[in-house]
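Q: Here you go, sequence then predicted model.
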Amino acid sequence: MSDARTHYEDLLARGATHSMMHAAIHAMTDTDLASYGLNAYRMNLISLFGTLWSPQRVEATARSAVLSKLWLGWEYYQHYLPGQGVLPPPPHLRGGLVERVQSLLALGRGLLVASFHQGHMRHIASDLANAGLHMHLPLATDAWRDYHATQAATPGAAMWQYFHYINVEVPGGALAIARALGRKGLVYSTLDGNTGMDGPRGTERRTQVTMHGRNVMVKDGLLTMAAKFGTPILPVIAHSEGDSRVCRFGTVLDPGGRLSGREAAVFVADAAQSLYGLLADDLSEYAGEWCGGDLFHQWRVPEPHGEMDAGAAEIIVRQVLEGHARVAVNPRRATALGTSGDVMLLDALSMRGYKVPADAAEFFDEDMSQAVRGDGIPQEVAARGAAWLRAMVGRDLLVLSARR
């Protein structure tokens, strides 16, 4: 473990000031950040933006997203929540969140506020509770434990009178959320937690939507409840804008009343696509604050591996072996993980990994960031590595980088 990572984890254990923790988080290298999801961010950003962004932008955004996840999580759980007192603080977020929610609740049909693990999503919940609005928040078990521990440490904080957090991975959790909506109450959810009694990898109550052309399977249980009870849905995402943290709202999705059967199914499908389309558009600008981006592959649908004509692939491999060309990792589809003889080539679209054999590794430097000429490799080694090169070129994971 590096000194930078050791220092960060030491501060987590014993406490730190804002400036100390911010510096410690940002001092960690990419190797350090691999333990906190950097490689998953790379893969998932490539899957969405590999054909739209430069490799440099993907790398920089992946690093920013990991740093944001670590920093905003620490800031909220270790600084903001422990500072709650008997008097509620002013709103943390700008943009009129409380006023917008109050106006929709005044319609008398309850409200589902829908967001994602993006930006300052935690402050949406606490701002609503601190405004004196009874807010019900569905959570996975680990997040429920975080809130429970904080409440135990700050039992007199005003927020807890209105902040109702509910573990939906245990029996009765989903029913409690349904009761809140049925009683015309307020529910706030980060939808892409995609969990329930069967956990975040469960297959129950899912519907397919698209994000930048990629198919994803998302939980639709809350949207089904909104249709059943005639509850409007307010999409909102909170971001950093300079020194401010600001809410951006999507169009209210209103079922217009209680729905059932075909009408309910159509509403749920359309609402899911609208909400995740909002997230997709938002990520085009704010992916550096995508706290949930390291888990996106859990609900993304794997795609087939790429295919190149066998003859064309053979020509490329022959050019490499003869020293007339080089191949490199295709940044629009793949990323290399590991170093020093233990490297895997990961297909971001199919989510399959391919171990790089020792002979094939001779065609690259130790982390596959640079290609070398095949005519500088002993003939018998090159011949053994050629089969792997041929397979990876055929799957569109290696592409021509330069010709001699």
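A: Yes, it's here. Numbering: from 1, shown residues only.
Q: how about the helices in this protein?
A: Counting by DSSP state H, the chain has these helices, from start to end: 3-14, 18-27, 30-33, 38-49, 55-74, 97-105, 121-130, 141-153, 173-182, 221-229, 261-286, 310-321, 358-361, 379-394.
Q: Relative to Gly242, which of these is closest?
A: helix 261-286 (13.5 Å; C-beta to C-beta). Yep, even glycine has a C-beta here, placed from its N, CA and C like the rest.
Q: If you count neighbours, what's buried in that closest one?
A: Residues of helix 261-286 classed as buried: 264, 267-268, 271-280, 282-283, 286 (neighbour count, 16 or more other C-beta atoms under 10 Å).
Q: ok, Arg109 - contacts?
A: Counting by C-beta atoms under 8 Å, 6 or more residues apart in numbering, Arg109 makes contact with Lys184, Phe229, Gly230, Thr231, Pro232.
Q: Now, of these, which are buried?
A: Neighbour counting by 16+ other C-beta under 10 Å classes Phe229, Gly230, Thr231, Pro232 among these as buried.
Q: nearest residue to the first one other than its sequence neighbours?
A: So the one you mean is Phe229. Among residues not flanking Phe229 along the chain, Leu181 sits closest, at 4.7 Å (C-beta to C-beta, 6 or more residues apart in numbering).
Q: Would you enumerate the residues in contact with that neighbour?
A: Taking C-beta under 8 Å, 6+ apart, one finds Gly110, Leu112, Val187, Met225, Ala226, Phe229, Thr231 in contact with Leu181.
Q: again, only this time at 10 Å
A: Leu181 makes contact with 109-112, 136, 187, 222, 225-226, 228-231 under the criterion C-beta atoms under 10 Å, 6 or more residues apart in numbering.
Q: Now find how far off-centre stretch 1-11 is within its chain.
A: Counting by C-alpha atoms, centre = their mean, to the nearest Å, stretch 1-11 is centred 24 Å from the centre of its parent chain.
Q: ok, now stretch 395-404?
A: In terms of C-alpha atoms, centre = their mean, the gap separating the centre of stretch 395-404 from the centre of its chain is 30 Å.
Q: Show me which positions of that stretch end up buried.
A: Those would be Arg395, Asp396, Leu397, Leu398, Val399, for stretch 395-404 by 16+ other C-beta under 10 Å.
Q: how about these in CSV, adding distance to His92 and pLDDT?
A: Listed next are those as CSV, based on distance: C-beta to C-beta, whole Å; pLDDT from 0 to 100:
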residue, distance to His92, pLDDT
Arg395, 47, 94
Asp396, 45, 94
Leu397, 44, 93
Leu398, 47, 91
Val399, 46, 89
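Q: Which of those residues fall in strands?
A: Judged by DSSP state E, the subset of the buried residues of stretch 395-404 located in strands is Leu398, Val399.
Q: quick one: which two of the buried residues of stretch 395-404 are the most distant?
A: Arg395 and Val399 (10.8 Å).
Q: returning to that earlier point: now tell me which of the helices of the chain the model trusts least on average.
A: The stretch with the lowest mean pLDDT among the helices of the chain is helix 358-361, at a mean of 80.
Q: CA-only coordinates of it in PDB, if you can.
A: The C-alpha coordinates for helix 358-361 follow below in PDB (Å, rounded to 0.1, in the frame of the first residue of the first chain):
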ATOM      1  CA  ALA A 358       3.500 -13.800 -21.900                       C
ATOM      2  CA  ASP A 359       4.300 -14.200 -25.600                       C
ATOM      3  CA  ALA A 360       1.700 -11.700 -26.700                       C
ATOM      4  CA  ALA A 361       2.800  -9.200 -24.000                       C
END
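Q: So which elements touch that helix?
A: With contacts defined as 3 or more C-beta pairs under 10 Å, 6 or more residues apart in numbering; DSSP states H and E, helix 358-361 has these neighbours: helix 379-394.
Q: Against which helices or strands is the helix it packs on packed?
A: Contacts defined by 3+ C-beta pairs under 10 Å, 6+ apart place helix 379-394 against helix 310-321, strand 325-329, strand 344-347, strand 353-355, helix 358-361, strand 398-403.
Q: Specify the stretch among those that is closest to Leu93.
A: The closest of those to Leu93 is strand 344-347. By C-beta to C-beta, the value is 36.6 Å.
Q: Who are the contact partners of Ala271?
A: Ala271 makes contact with 112, 114, 207, 209, 220, 222-224, 226-227, 233, 235, 253-255 under the criterion C-beta under 10 Å, 6+ apart.
Q: between those residues, which is nearest Ala140?
A: Nearest to Ala140, judged by C-beta to C-beta, of those is Leu222 at 13.8 Å.
Q: residue contacts, the closest one?
A: Contacts of Leu222 by C-beta under 10 Å, 6+ apart are 112, 114, 138, 168, 174, 177-178, 181, 187, 189, 191, 196, 205, 231, 233, 268, 271-272.
Q: count of residues packed around Arg205?
A: The number of residues packed near Arg205 is 18, by other C-beta atoms under 10 Å.
Q: give the contact list for the residue nearest the centre of the chain.
A: The residue lying closest to the centre of the chain (C-alpha atoms, centre = their mean) is Gly293, at 1.7 Å. By C-beta under 10 Å, 6+ apart, the contact set of Gly293 is 37, 40-45, 48, 61-62, 65-66, 68-69, 117-118, 192, 283, 287.
Q: picking that back up, dump the contacts of Arg109 into CSV; add distance to His123 as well.
A: Output for the contacts of Arg109, formatted as CSV (distance: C-beta to C-beta, whole Å):
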residue, distance to His123
Lys184, 25
Phe229, 26
Gly230, 28
Thr231, 23
Pro232, 22
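Q: how does the protein divide into domains?
A: Following automatic domain parsing, the chain resolves into domains at 82-298, 310-403.
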